Structure formats: structure tokens, C-alpha cells
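# task: produce atomic coordinates for the following.
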Amino acid sequence: MGYVTAVPHPRSEAAAPARSGRRSLALALLLGALGVAVVLLSTRRGWSSGSVVVAGADFPLAAKGSEVTGVPAALAIVGLAALVAVFAVRKAGRLFVAGLLALSGAGTVAAALLGVSDSSALDQKAAQAAGDTSATATGLTHTAWPYIAAFGGVLILLAGVLALLYGRLWPALSGRYERDGTPRPRKVKAVDPDRPEDLWKALDRGEDPTGA
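Numbering: from 1, shown residues only. This next block holds a predicted model:
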């Protein structure tokens, strides 16, 4: 008794990469946009606090993430631009932009974690409050916001990794050009010999309106 081997339908095989492309595209957009929003929100929150002695009393100090370091927010903006640009380029250009997206996420993580131990912003405020350039902040404490910013950087990094792995399956913003980069031929409207304006337009295009 013979066995019948099921042959996969060509359409189902061709649709599999398209489904993977759509899913990875949606996930990358979600991760990238969410990561940028988390980083920008985190840098506007308080990252560290401390105090300095002014006139014999403790003077409270606090520093927002943007005051500690501007690198995470700047890299998040770069990541957002790269996330949008990845749809405007193809092939090697898309690979480059996807790599830039991943690097911006990794850089955001590193900058946010370095900001946890950075007391320069508080020291500067302590010197201003005490009127003494040698004064430094004491009793330093840090919030969870630097780590939340680092988490946002991880999301941007994941979006870049998805772009590197599946970006070749993603569509481009414009469908004007074919895969080889040449413009699609435009359809030329037929010239009506009874309409003088059509004859003039044909002459302007360098065409022979008589069809000779």
C-alpha cells in the first residue's frame, strides 16, 4: 500500500516570509516607539538627591536625568530617527540604519547605567548653593529612573536587532521604484488631435503628436 506525501502549496511557502516580516515589523515599531518614550520620560524625572550644608543646616538637592546626562535622550532621538529611516532605504542602506538603531539602544543602556553613579550634577548644585566651588553633595541617593531609562534602551536595542534580522522583509515607504531602483514607466495619455492643448503638451514632452 503506497503512501501519499503531502506537498506544501507554493502560496503557503511564499506567504510564510511575508507573515514573519509583518510580525517583526509590528514588534519592532512597538518596541522602538515604546523604548524612546520610556527613555524620554525617564530623563525628565529625578535621578538622584543629596544635601549640602548651608549656614549650618542641610540644604536638599535633587537632579533630574537630563541634568545628570543628556546622552540617553539624545541617543533615543537618534534611535527614533533610525526607526523611521529604516523604511526609506533598501539593502545595504537598510542594514546600516538598522545597525545604527541597535547601537543607539546599546548606547542608551550604557549611558543610563553610568548615570546611576554620576554625582557631578549634584556637586555643581551644592557648590552653587553653598557659594563654595569646593563644596560637594553628601548623603547621595538614587531613584529607579536611571534603570527605567536603561530598560527603554533595551527596547530600542531589541528593535534594532529585529531590523537587522528581518529588515529585508519589510516594505519601503515609497513604491515608486522597482526592486532594481529604476523608476516605473509612466502611462502617457493618448493625444487627441482635435484638442490643441493636447498637441502642445505632447510637443513639450518631445513627442510627435501626429504619430508619424
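
# can you pull the pLDDT of the closest residue to A85 other than its chain neighbours?
Spatially, and ignoring its direct neighbours in sequence, A85 is nearest to V97 (4.9 Å; Cβ to Cβ, 6 or more residues apart in numbering). (C-beta placed from N, C-alpha, C; glycine too.) If you check V97, the pLDDT there is 93.

# look at V97 and give its secondary structure.
Following DSSP: H, G, I helix; E, B strand; the rest coil, V97 is assigned to helix.

# repeat for V89
For V89, the assignment made with three-state DSSP gives coil.

# that one against V97, yeah?
Yes - here V89 lies in contact with V97, judged by Cβ atoms under 8 Å, at a distance of 5.8 Å.

# these two: which is more packed in?
V97 (23 against 16; other Cβ atoms under 10 Å).

# got the contact list for that one?
82, 85-86, 89, 163 (Cβ atoms under 8 Å, 6 or more residues apart in numbering).

# just the helices in this protein please.
Taking DSSP state H as the criterion, the chain contains helices spanning 10-42, 65-68, 71-85, 91-116, 120-130, 145-166, 196-204.

# in a markdown table: the ones you listed, plus distance to T138.
Converted to a markdown table, the helices of the chain look like this (distance: least, Cβ to Cβ, whole Å):
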| stretch | distance to T138 |
| --- | --- |
| helix 10-42 | 25 |
| helix 65-68 | 17 |
| helix 71-85 | 26 |
| helix 91-116 | 17 |
| helix 120-130 | 8 |
| helix 145-166 | 20 |
| helix 196-204 | 79 |
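
# so which of those gets nearest V52?
Ranking the helices of the chain by proximity to V52 (Cβ to Cβ) places helix 120-130 first, at 3.8 Å.

# identify each buried residue in that closest one, please.
121-127, 129-130 (16 or more other Cβ atoms under 10 Å).

# do stretch 96-104 as well
97-104.

# cool, stretch 76-84 as well?
76, 78-80, 82-83.

# CA atoms of it as CSV?
What follows is stretch 76-84, C-alpha atoms only, in CSV (Å, rounded to 0.1, in the frame of the first residue of the first chain):
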residue,chain,number,x,y,z
ALA,A,76,16.8,57.9,21.9
ILE,A,77,16.1,60.7,19.4
VAL,A,78,18.7,59.1,17.1
GLY,A,79,17.0,55.8,17.5
LEU,A,80,13.7,57.2,16.7
ALA,A,81,15.1,58.8,13.5
ALA,A,82,16.7,55.5,12.6
LEU,A,83,13.5,53.6,13.2
VAL,A,84,11.7,55.9,10.7
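
# stretch 74-83 - what's its average pLDDT?
95.
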